[in-house]
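Participant: pasted the sequence and its predicted model underneath.
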Amino acid sequence: LSKSNTRHEMVEGFLDHASRGDLVRVSDMICYSSKLLNESGKQGWTALMLAARNGHFDLVKALLSKGCNKDLKNKSGQTAHDIAKFWGHKHIADLLVGDGKIRDILPSTGVTEHENYFSREYLSRMSDKRTDSGWLSAKQSSPETVFLLFHNLDPLVTSGPEHMNNSQAKLKLCRLKRDSVGVLLKKSDIVVVFLGVEKQEYGLIAWFALNVEENPSEILKIEDSHSFFLQGPMPTLLMLNEDEGGIIAQARSVLAWHSRYSFCPTCGGKTKVAEGGYKRTCLTEGCKSLLGIHSTCYPRVDPVVIMLVIHPDGNQCLLGRKKTFPPGMFSCLAGFIEPGETIENAVRREVMEESGVTVGPVRYVSCQPWPMPSSLMIGCISVAVSTDIKVDKDEIEEARWFTRQQVIDAIVKSSKAVLTMPPRQAIAHYLVKHWTCLNSNL
Ligand SMILES: NC(=O)C1=CN([C@@H]2O[C@H](COP(=O)(O)OP(=O)(O)OC[C@H]3O[C@@H](n4cnc5c(N)ncnc54)[C@H](O)[C@@H]3O)[C@@H](O)[C@H]2O)C=CC1
Ligand SMILES: [Mg+2]
Ligand SMILES: [Mg+2]
Ligand SMILES: [Mg+2]
Ligand SMILES: [Zn+2]
């Protein structure tokens, strides 16, 4: 009798740990007695059912991997899968249906992730290596390592015929090797930023970027006679391929930060570059920036909202033009997010300021890094609740409602078009296209 009592207590204890999601205790007890896996307690509930009931994802995974029987039913006839589904633990229910794959647990918003220009992650950033100075310097002296050179933030590119064959892009970044940039690496005033390693390559080929103020053509050994510094940044940076656009978005923003934040923003003192170019630490003893975490020590990103405002009739959209735009071009309204402001409120404020239109609902669609110098364009679609336009002449020269047909004509560059749109690489272009597709599906 006492033996069965002890066994009973052990099962109760085991189920209790499972119910609380105590992975360590449950695993220990299974090692001691693997029979526990399929034991049941009150109302026929097993450890798997209890873990599924309470949403303990890791525990469900562990119990399955130990080989527990997921088809057992409790006294109400429910399996662990039924229980997970009933209690809304969709990720666990998916795990229990059999193929072990985890399905998308996000409810669908009808918006799928879109890859904009400047968004592709060609390199894996490997941020854990930024503090490993031994690894970084070994990579800098490796003959395989790739160096990108910028002069006043303009990248060195090539239009050489040898690069034209397998790429649609007219220009390509010059991938320099250690021997070409050796002189620069030795200079103490040049910041070298670690960008990451190639995702595709075996053997971890590292990439670095450096920016020089004076034209380095004379002191460098660059064999490619077709190479030159691509002056811009706009629209020239849009001429690279998608992989290189993504690399530029990262490299140019970090280099621009270094060139504009040479001194400590807190005390004006000298700073030291750290963490592979991802930090500038103040050298002044006692500076406030050395106490706690301070954003001033890290590369900055400025969030900008850019929005397509839809007319209440659903068939027109609001576009504006800045004085600096090429003649005839209209784009989405945009503006910097201010401190203490949500994305939605920034959309409403900027649209009101620039066009006098009142905006109601706002939905996020897609975003785009914009390395001039370091914005993140947060693309939204929104619905107007008023339609009278009153432009702020300081910021916008003109704002107008355009019909769906008019923007489609502009996108396809029809001869009937009454406006031109930003190029396909700009998120404004994508937002408009996204809206026209939305409507055509109705
Ligand atoms: N991809 C596209 O189609 C478009 C992109 N943009 C980009 O969006 C960004 C913001 O749009 P804007 O209409 O210029 O913003 P905006 O409407 O907020 O007005 C710009 C003014 O805001 C002030 N400002 C506030 N915070 C600032 C910050 N962190 N940096 C610089 N200025 C700041 C400055 O006085 C500046 O002149 C710009 O960089 C622009 O290049 C703008 C329109 C279309
Ligand atoms: Mg604006
Ligand atoms: Mg504005
Ligand atoms: Mg503004
Ligand atoms: Zn300081």
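Facilitator: Here it is on my side, so go on. Ligands and ions are numbered 1, 2, ... in the order given.

Participant: what about L291, how many neighbours?
Facilitator: Per other C-beta atoms under 10 Å, the neighbour tally for L291 reads 8. For the C-beta atoms, the positions are set from N, CA and C on the backbone; glycine is no exception.

Participant: now swap in T387 and tell me
Facilitator: Counted with other C-beta under 10 Å, the neighbours of T387 add up to 15.

Participant: distance of V391 relative to ligand 5?
Facilitator: According to C-beta to the ion, to the nearest Å, V391 stands 43 Å off from ligand 5.

Participant: again, but for W401
Facilitator: 50 Å.

Participant: do the same with G55
Facilitator: Distance of G55 to ligand 5, given as C-beta to the ion: 47 Å.

Participant: tell me the contacts of R53?
Facilitator: Each residue near R53 by C-beta atoms under 8 Å, 6 or more residues apart in numbering is listed here: 19, 45, 83-84, 87.

Participant: ditto for I396
Facilitator: Contact analysis of I396 by C-beta under 8 Å, 6+ apart lists 320-322, 333, 354-355.

Participant: next step: the contacts of R53 restricted to strands.
Facilitator: Assigned to strands by DSSP state E, none of the contacts of R53 qualify.

Participant: only whichever of the residues you listed are buried, select them in ChimeraX.
Facilitator: Buried residues within the contacts of R53, by 16 or more other C-beta atoms under 10 Å, are selected in ChimeraX with:
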select :19,45,83,84
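
Participant: which two of the contacts of R53 have the greatest separation?
Facilitator: By the measure C-beta to C-beta, S19 and A84 form the most distant pair in these, at 14.1 Å.

Participant: longest strand of this structure?
Facilitator: Longest strand in the chain, counting residues (DSSP E): strand 359-370.

Participant: tally of neighbours for whichever residue of the stretch 101-250 of the chain sits closest to ligand 5?
Facilitator: Of all residues in the stretch 101-250 of the chain, the one sitting closest to ligand 5 is V191 (17.9 Å; C-beta to the ion). As a burial measure, V191 scores 17 neighbours (other C-beta under 10 Å).

Participant: same check on S137?
Facilitator: By other C-beta under 10 Å, neighbour count at S137 equals 12.

Participant: might you report the residue contacts of the closest residue to ligand 3 within the chain?
Facilitator: Minimum separation of the chain from ligand 3 (C-beta to the ion) falls at G335, amounting to 3.7 Å. Contacts for G335 were tallied using C-beta under 8 Å, 6+ apart; they are 304-305, 346, 349-350, 353-354.

Participant: from what I see, R120 and D243 are in contact.
Facilitator: Yes - applying C-beta atoms under 8 Å, one finds R120 in contact with D243, separated by 5.7 Å.

Participant: how about the residues of the stretch 301-442 of the chain by ligand 4?
Facilitator: For the stretch 301-442 of the chain, the contact set with ligand 4 under C-beta under 5 Å from the ion comprises 335-336.

Participant: just to revisit the earlier point, and what about the residue of the chain closest to ligand 3, helix, strand or coil?
Facilitator: Following DSSP: H, G, I helix; E, B strand; the rest coil, G335 is assigned to strand.

Participant: same question, the one 10 residues further on
Facilitator: Local secondary structure at N345 is given as helix here, using three-state DSSP.

Participant: next one: it from ligand 2, what distance?
Facilitator: Taken as C-beta to the ion, the span from N345 to ligand 2 is 15 Å.

Participant: try Y430
Facilitator: Y430 sits at a distance of 18 Å from ligand 2 (criterion: C-beta to the ion).

Participant: for S40, give me its contacts.
Facilitator: Listed by C-beta under 8 Å, 6+ apart, the contact partners of S40 are 46, 72, 74.

Participant: go on, L37?
Facilitator: Residues in contact with L37 (C-beta under 8 Å, 6+ apart) are 30, 47, 63, 66-69.

Participant: what about 6 Å?
Facilitator: 66, 68 (C-beta atoms under 6 Å, 6 or more residues apart in numbering).

Participant: look up how far S65 lies from it.
Facilitator: 11 Å (C-beta to C-beta, to the nearest Å).

Participant: how far away is V385 from E213?
Facilitator: Relative to E213, V385 is positioned 50 Å away (C-beta to C-beta).

Participant: burial of L153, as a residue count?
Facilitator: For L153, the neighbour count with other C-beta under 10 Å is 21.

Participant: let me see the contact set for it.
Facilitator: 252, 256.

Participant: and it, how far from E9?
Facilitator: L153 is 71 Å from E9, where distance means C-beta to C-beta.

Participant: sorry, back to before: the residue of the chain closest to ligand 3 pairs with what?
Facilitator: V305 (DSSP bridges).

Participant: if I look at it, how far off is E354?
Facilitator: G335 is 7 Å from E354, by C-beta to C-beta.

Participant: where do the strands sit along the stretch 1-150 of the chain?
Facilitator: 123-124, 146-151 (DSSP state E, counting those that start in this stretch).

Participant: off-centre distance for the helix or strand just after the last one?
Facilitator: This points to strand 146-151. Following strand 146-151 in sequence order, the next helix or strand is strand 154-158 (DSSP states H and E). Its chain's C-alpha centre and that of strand 154-158 lie 25 Å apart, by C-alpha atoms, centre = their mean, to the nearest Å.

Participant: ok, the next helix or strand after strand 154-158: who's next to it in the sheet?
Facilitator: Per DSSP H and E, the first helix or strand lying C-terminal to strand 154-158 is strand 172-173. Using DSSP bridges, the strands paired with strand 172-173 in its sheet are strand 154-158 (antiparallel).

Participant: residues near the nearest residue to H89 once chain neighbours are set aside, how many?
Facilitator: Counting by C-beta to C-beta, 6 or more residues apart in numbering, H89 lies nearest to G55, which is 4.6 Å off, once chain neighbours are set aside. G55 sits with 15 neighbouring residues when counted by other C-beta under 10 Å.

Participant: likewise for the one 3 residues further on?
Facilitator: The tally of other residues near D58 (other C-beta under 10 Å) stands at 10.

Participant: any idea how far L15 is from it?
Facilitator: 17 Å.

Participant: repeat that for L37.
Facilitator: To L15, L37 is 11 Å away according to C-beta to C-beta.
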